[in-house]
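In: sharing a sequence plus its predicted fold:
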Amino acid sequence: MRESVTVSMPAWLKDELDQVVKRERLNRSDIVREALQEYFAARDFQRIREKMIPEAEAKGLFTDEDVFREVS
């Protein structure tokens, strides 16, 4: 079931949204929905990463290269 949400934003942001709507032939809802999904995914990833940092550092993994070397 879908529900409607009203969002206020500065005029410049609405203008940019409308430009994307026109250029990509999508609607505002599609773009906002996708942006929120990406935001939540990035936030979840960051939370998981923050929880894993102490464990990784304890194993000597400090950089992405360290992790790639470990899993390769």
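Out: All right, it came through fine.
In: tell me where the chain has helices.
Out: Remark: helices assigned in the chain by DSSP state H are 11-24, 28-58, 64-71.
In: tabulate those (a markdown table), appending mean neighbour count and mean pLDDT.
Out: No exception for glycine: its C-beta is placed from N, CA and C like everyone else's. As requested, the helices of the chain are arranged in a markdown table below (neighbours: other C-beta atoms under 10 Å; pLDDT from 0 to 100):
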| stretch | mean neighbour count | mean pLDDT |
| --- | --- | --- |
| helix 11-24 | 11 | 97 |
| helix 28-58 | 11 | 94 |
| helix 64-71 | 10 | 88 |
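In: nearest to M1, out of the ones you listed?
Out: Nearest to M1 among the helices of the chain is helix 28-58; the distance by C-beta to C-beta comes to 14.2 Å.
In: how far out from the middle of the chain is stretch 40-51?
Out: 9 Å (C-alpha atoms, centre = their mean, to the nearest Å).
In: give me phi/psi at G60?
Out: G60 adopts backbone torsions of phi 80, psi 20, taken as degrees, to the nearest 10.
In: how far away is V71 from R2?
Out: 40 Å (C-beta to C-beta, to the nearest Å).
In: with T63 instead?
Out: 43 Å.
In: check G60 too.
Out: G60 is 48 Å from R2, by C-beta to C-beta.
In: ok, back up a step: in terms of neighbours, single out the busier of T63 and R2.
Out: Shown here are T63 and R2; by other C-beta atoms under 10 Å, T63 has more neighbours (9 against 6).
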